[in-house]
Structures are given as C-alpha cells and as structure tokens.
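**Student:** No letters, just coordinates:
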C-alpha cells in the first residue's frame, strides 16, 4: 500500500521435532534401500528416461504479497477464512473451494460457500481465530483487523478493491499461488480476459461514443471512468456522463435528476435492482426520465448489484450483459 512500508514476512512453520538416534538410524536405512532399489538412475528398463511426476498443487513454501506486505505459507492452507465476497468468488473459481472453512455474511456466491455470521465491516479477531484458520483473506483493514490477526499469529492476506482489470488478474494469480492452484488461477484469468475482449468486439463500431449512466442507488450516485466498473464502459468506447459531473474527482459523484436529464444518456445501467428494487419501469416513472433516449429506446440494463460491484470472475458476465444491451 502506497506510503507504508511492507510488513515482515509471516510464516506458518513450526519447529521440527527431534528424532531419536534409533529413529534416525531407521530413517537412513530406509533411504539407502530406496536409493538402491531405484538403481541410482531415472531411466526405465527400455532405456528411456522416466517421466518426472507432475505435482497436483503449487510448490510450498510460497511467499505472496498483499497490500499488507509479504505472507509466507509453508504448507497449502486447508482452513481458509474469507472476509471478502470477491475473494470468496475467486477462491471457488480457481478450485480452492474445498479449502474454505468459513466466509463472511455477505459472501453469497457461490451457493456452496460456507456463509457464517462473521462480519467484514465489524471484524472480530477472536471470532475469526475460532475457525482455526491457516489463512485469512480480506479486502479491508477495518478496525485494525490485520494487526489483530497478526498478533494471534494468523496469516492474513489483504487484497483491496481492484481499480483496474489488471488488478483482478493479479489477485487471481496471488490467490492461486497462496492456495496451491496457480495453473487454475491462470486459466480463470485468461478466460475472463478472453470473454471480455469477445464482448467488446461483438458490438458494432457505431456504438462508440454512446453515453452511459451507471446508477449505484436511487439517490443517483454514479461511477466515473476512473473506477473499476467505469473502466468496463471505457473498453466499449462509451462516454460516461458522470465524468463531467461536479465533485466527480472521488470517482463516485452524486448526480441530480436535472443533470442526468440534461446529459440525455443513451444507455442506463442499474446496479440497484436487488438492494433498492429499481427497474426499467421505475426509472421511466421518474420525473423527466421518460424523455431520456435510454428509456425511449429500451436501453436499460437491469444488472445484478453484486456482479456489478465486485471485481471477481463474474465481471465477464457483466461485460457480456453490457454488450447484449448495446446490440439490442
């Protein structure tokens, strides 16, 4: 994290147990017999070189880097606690779902995620430690939870909200290394990248320059091109009406109905369909909104709040939905 020095690497290693002289002698004898049986050669009986075994998981120990610095894991974690809905989605997508012991109360995807009453907004170190985790993944350092878990010797990986798609791919790679699924993580990242590229390529050239209004809530908060979700619209060549709004520097300005009407967006994306029951019908009922090109032409995407607000693999689903709306 900019402006702060990385923390010292943390490890899950334990001191090795001393062997008795008798046990040591037995171990050396077994090793000698094994080497003799192998004949000291990797060649098979017909003279061909024997194939090297392919490990099913990544090699450990492994050191990964999060916003809180380096974390070293000596063994593959088998009791992961995720306090980030996006991290939960990533873990299951890369094949580490069986290693997830518990997730926070907002991790609602996939269905098999072991949801608990753990809160990422008011995290409790003792409650988290009660699951005896060998890795905790979170996206926010609320109430100094990273230091609190560190004091309990719980390996913790802080992966904050992505600002770009490259951040998403990097976090997938990081979780892949940390959980012993580097190849699967690489495959997931490549698939997401390919799907988004295909979605962008599927829309006609005349779509470029189409104005878009992304709605975070009925209070008319929006997201500029400088945000993660805004970068998706930029890939399609869309003009984001929030970019020119007053107080847009924070990335999430609150717009007025008059401003939106004046900008006359040709595409409206609703990311408040679940939380606030907004729809194309409710938008059309707002004063002056029935005159908007997006309303008149039926270009309103009723997005799932979670998919539109998370930076996990389902961002490809969102990009494909935008493409379908633009094509329609």
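**Tutor:** On my side now, so go ahead. Keep in mind it's a predicted model, so treat the numbers as computed, not measured.

**Student:** And the pLDDT at residue 58?
**Tutor:** pLDDT, residue 58: 73.

**Student:** How about residue 328?
**Tutor:** For residue 328, pLDDT reads 81.

**Student:** In this structure it contacts residue 301, no?
**Tutor:** No. Between residue 328 and residue 301 there is no contact, the gap being 9.6 Å when judged by CB atoms under 8 Å. Yep, even glycine has a C-beta here, placed from its N, CA and C like the rest.

**Student:** Can you pick out the residue with more neighbours from these two?
**Tutor:** With neighbours defined as other CB atoms under 10 Å, residue 328 and residue 301 compare such that residue 301 has more, 22 against 9.

**Student:** and that one, what element?
**Tutor:** strand 300-302 (DSSP states H and E).

**Student:** Let me see the contact set for residue 270.
**Tutor:** Applying CB atoms under 8 Å, 6 or more residues apart in numbering to residue 270 gives the contacts 215, 278-280, 283, 300-303.

**Student:** which of those tops the neighbour count?
**Tutor:** Among the contacts of residue 270, the one with the most neighbours (other CB under 10 Å) is residue 215, at 26 neighbours.

**Student:** Quick check: phi and psi on it?
**Tutor:** Main-chain dihedrals, residue 215, degrees, to the nearest 10: phi -110, psi 120.

**Student:** and the nearest residue to residue 192 once chain neighbours are set aside, what is it in contact with?
**Tutor:** Using CB to CB, 6 or more residues apart in numbering and skipping residues adjacent in sequence, the residue nearest residue 192 is residue 316, 4.7 Å away. Residue 316 makes contacts with 191-192, 195-196, 199, as judged by CB under 8 Å, 6+ apart.

**Student:** With respect to residue 174, which of those residues is nearest?
**Tutor:** residue 192 (15.0 Å; CB to CB).

**Student:** What is the neighbour count of the residue nearest to residue 293 when sequence neighbours are not counted?
**Tutor:** Once flanking residues are discounted, residue 293 sits nearest to residue 266: 4.6 Å by CB to CB, 6+ apart. Residues lying near residue 266 (other CB under 10 Å) number 21.

**Student:** Residue 266 contacts residue 298, correct?
**Tutor:** No. Assessed by CB under 8 Å, residue 266 is found out of contact with residue 298, at 11.1 Å.

**Student:** how far away is residue 64 from residue 130?
**Tutor:** Remark: distance between residue 64 and residue 130 (CB to CB, to the nearest Å) = 24 Å.

**Student:** These two: which is more packed in?
**Tutor:** residue 64 (20 against 13).

**Student:** in a strand, that's where that one is, yeah?
**Tutor:** Yes. Looking at residue 64 with DSSP: H, G, I helix; E, B strand; the rest coil, it is inside a strand.

**Student:** wait, it sits on residue 70?
**Tutor:** Yes. Between residue 64 and residue 70 there is a contact under CB under 8 Å: 7.3 Å.

**Student:** Which residue, other than its chain neighbours, is closest to residue 121?
**Tutor:** residue 142 (6.1 Å).

**Student:** how near is the one you found to residue 125?
**Tutor:** 11 Å.

**Student:** ditto for residue 312
**Tutor:** 25 Å.

**Student:** Of these two, which one has the most company?
**Tutor:** A count of neighbours by other CB under 10 Å puts residue 312 above the other of residue 312 and residue 125, at 26 against 20.
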